[in-house]
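Asker: show me the folded form of this:
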Amino acid sequence: MRLGNSRTRTGRRAGAGVALPLLLLLAAAPAFGATVKSISMKDAGAGTQVVVEADAPINYHDFTLESPDRIVLDCPGATLAFVERTWAGVDGSNVKSVRATEMGWGQETGSRIVVDLSRPVSYGVSQLGNNIVVALEANAPAEEPPSRAASTSSSSASSRDVPDGRRMSLDVQGAEIQTVLRSLSEFSGKNIVASKEVKGQVTLRLRNVPWRHALDIVMRAQGLGMVEQGQTIVISNLETLRKEEMERRTAERAQEELLPLYTRIVPVSYANAEEMSKSVEKTLTKRGHIEVDKRSNSLLVTDIDERLDSAESMVRSLDTRTPQVEIVARLVDVDVSATRSLGVEWGAKNLDLLDAGVSEEIAVSARGVTNPAGVVKIGTVKSFGSIEATLEALETQNKANIISNPRITTVNNREASVVVGQQIPLIVQDFAGNAVTQLTTIGIKLSVTPHINVGNKITMDVHPEVSDLAAQATVQGGIIINTTMADTRVMVNDGETAVIGGLIRSNESTTKRGVPVLMDIPLIGALFRSNSTTKAKRELLIFVTPKILSDQQASN
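Answerer: You can find the predicted model right below:
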């Protein structure tokens, strides 16, 4: 987060609120007339850093105050190069705000930077070139007296007896880095080995921070890195460590080329071995390969012994029982005028329409709708049984007809499909212009792909399609097929029913009435008969109910 012209954020421990003499200057390379160019805050692992950037080394002195808790950084002789001088901290961090002011102490002027804290925390201050970094820890430990100390020329250290996280204070001024690392080694009990490239002087002041944090600041200040092996820490410059790591990996790859190859049979219990082979193949060397035995659903893995163990471990992790979903679909043909009597209120709200006391939320996205006979619409009910009685009553009045009631079980994320209709032969031409017969399915198609979510919610990708032969034909006498389809995604609870409607078809029927015999007499027969044409619209309602099967149900 940028503060004014700035770029950072951090902290340290606000302890006893005793302000030391303001002109006590402990920083290296005293310089007056420095200009503070920016102040910034940034996350730094588990804590926060406040970075003060200047155009020259800054003379500074830091101390803490209480009621409220704050860290004060006085910089005699420094001026501020920005107008905005108050910045709010980030919610949840130790820093409430950062303030900067220019002020005077008697005949001397300078700048004061105040870090307001949300609670007492441990902190450290270090000077890196022209920058001052205030590093705050995330948590504030209880105050304890120092238990041991390490020293260098012009330095001191104190610690807390916390395993592998002992806290220390370190104040060094122009000290050789080899000497500082030796002090850290003695304090931590670790063997610290520095390469010949590790050289230079260090100036920093840290108070009550973990020794690893102190080591990290020292290494970053000097552009160094480390490799830890048991009780030994090897420190060198970053470029040397990168080259050593590359050489190590190259040597390992070269050694792999010389190791013998073995073959291991890895059985797969639940997943498809052929599908799993693509993922497992990524763990092998260039010499390794996988073959699939479809009969036993097993993988035959060939590689060096170490990679075989990795491949088998991956198979065991991926080869888990896939949840199964039972999908019950009911395709009901209903007279459009009777649809309202079902009590389904269509829209993007997943309401229990038969029980006003229950309300759920639904996620619906319809796309790619090709619909010559109506607008596809979505609704939900808690269960099909709640409206089954209404449909039975409509069926007795010839206003409803249950076309099909398929029940399909599929695994999670696999498509299940239902087709209700008939295949008709159509004469088409192939690429050579020859007439060939092609079977085309006319009727109702329904494809459902379930996705089990957290909380036993199920997202379904639903693709309904209704097709029928049109009464008219093309100019060449070809057949016209009317098709209504939609791609819809709907989310329901386990056992809840999604309703898809709007798939409307128009039926037209002609009825002849008259007096027998007389109605068939030529000329005068028209006086004894009458014809009536009835037009009716029928809507196809699709009820889809997904239910997650338990392991016992799935095995039955």
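Asker: now stretch 445-457: mean pLDDT?
Answerer: Stretch 445-457 carries an average pLDDT of 88.
Asker: whoops, stretch 238-254 was the one
Answerer: 85.
Asker: residue 462 and residue 544, how far apart?
Answerer: Distance, residue 462 to residue 544, using CB to CB, to the nearest Å: 6 Å. Heads up, the C-betas are built off the backbone N, CA and C, glycines and all.
Asker: no, scratch that, I was asking about residue 309
Answerer: Separation of residue 309 from residue 544 (CB to CB) stands at 45 Å.
Asker: what do you get for residue 387?
Answerer: 14 Å.
Asker: also residue 490?
Answerer: Per CB to CB, residue 490 is found 8 Å from residue 544.
Asker: between these two, which contacts overlap?
Answerer: Common neighbours of residue 490 and residue 544, counting by CB atoms under 8 Å, 6 or more residues apart in numbering, are 460, 462, 498.
Asker: who's in contact with the first one?
Answerer: Residue 460 makes contact with 448-451, 489-492, 498, 544, 546 under the criterion CB under 8 Å, 6+ apart.
Asker: same thing but at 10 Å, please
Answerer: 325, 327, 416, 448-451, 488-492, 498, 544, 546 (CB atoms under 10 Å, 6 or more residues apart in numbering).
Asker: that one: which element?
Answerer: Counting by DSSP states H and E, the element that carries residue 460 is strand 457-473.
Asker: need the next SSE after that strand, C-terminal direction.
Answerer: Moving toward the C-terminus from strand 457-473, the next element (DSSP H and E) is strand 479-493.
Asker: ok, back up a step: dump the shared contacts of residue 490 and residue 544 into CSV; add distance to residue 282 and pLDDT as well.
Answerer: Output for the shared contacts of residue 490 and residue 544, formatted as CSV (distance: CB to CB, whole Å; pLDDT from 0 to 100):
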residue, distance to residue 282, pLDDT
460, 32, 90
462, 34, 88
498, 38, 84
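Asker: spatially, what comes nearest to residue 445 if we skip its sequence neighbours?
Answerer: Of all residues not flanking residue 445 in the chain, residue 465 sits nearest, at 4.3 Å (CB to CB, 6 or more residues apart in numbering).
Asker: that neighbour contacts residue 484, correct?
Answerer: Yes. When contacts are counted by CB atoms under 10 Å, residue 465 is listed as touching residue 484 (7.1 Å).
Asker: tell me which of those two has more neighbours.
Answerer: Taking other CB atoms under 10 Å, residue 465 and residue 484 do not tie; residue 484 has more neighbours (22 against 19).
Asker: how much space between that one and residue 435?
Answerer: For residue 484, the distance to residue 435 - CB to CB - is 29 Å.
Asker: just the terminal-to-terminal distance for stretch 307-327.
Answerer: Its first and final residues considered, stretch 307-327 spans 41 Å by CA to CA, to the nearest Å.
Asker: any chance of the shared contacts of residue 490 and residue 544 in TSV, plus distance to residue 421?
Answerer: Listed next are the shared contacts of residue 490 and residue 544 as TSV, based on distance: CB to CB, whole Å:
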residue	distance to residue 421
460	22
462	18
498	22
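Asker: now the strands for the stretch 301-450 of the chain?
Answerer: With DSSP state E, counting those that start in this stretch as the definition, the stretch 301-450 of the chain shows strands at residue ranges 324-335, 364-370, 377-381, 400-404, 407-411, 416-429, 435-452.
Asker: out of the ones you listed, which is closest to residue 502?
Answerer: Residue 502 sits nearest to strand 377-381 of all the strands of the stretch 301-450 of the chain, at 4.4 Å, using CB to CB.
Asker: can I get the closest one in PDB, CA atoms only?
Answerer: In PDB, the C-alpha atoms belonging to strand 377-381 read as follows (Å, rounded to 0.1, in the frame of the first residue of the first chain):
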ATOM      1  CA  LYS A 377     -38.200 -20.900 -18.300                       C
ATOM      2  CA  ILE A 378     -36.900 -22.300 -15.000                       C
ATOM      3  CA  GLY A 379     -38.500 -22.900 -11.600                       C
ATOM      4  CA  THR A 380     -38.100 -25.200  -8.600                       C
ATOM      5  CA  VAL A 381     -40.200 -27.200  -6.200                       C
END
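Asker: other SSEs contacting it?
Answerer: On a contact count with 3 or more CB pairs under 10 Å, 6 or more residues apart in numbering; DSSP states H and E, strand 377-381 meets strand 364-370, strand 479-493, strand 497-514, strand 529-549.
Asker: now that strand, how far from the centre of its chain.
Answerer: 29 Å (CA atoms, centre = their mean, to the nearest Å).
Asker: same thing with stretch 436-444?
Answerer: Mean-position distance between stretch 436-444 and its chain equals 44 Å (CA atoms, centre = their mean).
Asker: in it, which residues are buried?
Answerer: Neighbour counts over stretch 436-444 (16 or more other CB atoms under 10 Å) mark 442-444 as buried.
Asker: just stretch 47-66 next, same as before
Answerer: Buried positions in stretch 47-66, judged by neighbour count with 16+ other CB under 10 Å: 47-54, 57-65.
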